[in-house]
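Trainee: With the input below, show me the fold.
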Amino acid sequence: MRVVLLGSGRGSNAEAILQAQRAGRLGQAQVVAIFSDQPAAGILALGPPFGVPARFVDPAPFRTKLEGEGEQRFIAAVQAERPDLVVLAGFMRVLKPGFLGAFAGKIINLHPSLLPQFPGLDGIGQALRSGVKTTGCTVHYVTLAVDGGPIVAQAPVPVEPTDTVETLAARVHAAEHALLPAVIARLSGGAR
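Mentor: Prediction:
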């Protein structure tokens, strides 16, 4: 299964996927490319050490969504890799019908809450402020509804009475780093 990673930031989830691949825990999946909408994103630096091509794709003209010329550039870049799965690993843009249609049923995202609770930005902060006893993370298929696509898997994380956003985020991120590679392995049909 050919996997393309899209990210905007430091790439901790991408690194977890690449480490799992190196350790033989990604099933039949193989990361074939990394693309970022930010020219200095840390995720791009992960490519060379893991032998995966990584490059910036210009998302212009919009700042928060992938539409128009930027969307066409991303579609072309990703299509050239013939992916079976596109993984949003901290990709901070709203996807529009053109991109979603080009890779229908092949795009998954990781969200830092137990969806449908706390969609959108700051899922960890929302959970902490709400007073829930358990939060976590969710891998879901991407649709036009932001954080509203079919859920693939979830991992619960208890919220401790003494938690701050930082301490809770550290545990949620640890759960994410375990869940996302496991889901990719399972989707590849080669989970071990």
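
Trainee: Show the end-to-end separation of stretch 107-125, please.
Mentor: End-to-end distance for stretch 107-125: 25 Å, by CA to CA, to the nearest Å.

Trainee: Which positions within that stretch qualify as buried?
Mentor: 107-115, 117-119, 123-124 (16 or more other CB atoms under 10 Å). From N, CA and C alone the C-beta is placed, and that goes for glycine too.

Trainee: Please list the members of the residues you listed that lie in strands.
Mentor: Among those, DSSP state E puts Ile107, Ile108, Asn109, Leu110, His111 in strands.

Trainee: among those, which two are most distant?
Mentor: Of all pairs drawn from those, the greatest distance, 13.1 Å, lies between Ile107 and His111 (CB to CB).

Trainee: Could you list the buried residues of the helix or strand where Ala77 lies?
Mentor: For Ala77, the host element (DSSP states H and E) is helix 68-79. For helix 68-79, burial by neighbour count (16+ other CB under 10 Å) applies to Gly70, Glu71, Arg73, Phe74, Ile75, Ala77, Val78.

Trainee: any chance of the residues you listed in a markdown table, plus distance to Gly101 and pLDDT?
Mentor: Output for those, formatted as a markdown table (distance: CB to CB, whole Å; pLDDT from 0 to 100):
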| residue | distance to Gly101 | pLDDT |
| --- | --- | --- |
| Gly70 | 16 | 95 |
| Glu71 | 11 | 96 |
| Arg73 | 16 | 97 |
| Phe74 | 13 | 97 |
| Ile75 | 9 | 98 |
| Ala77 | 16 | 98 |
| Val78 | 13 | 98 |
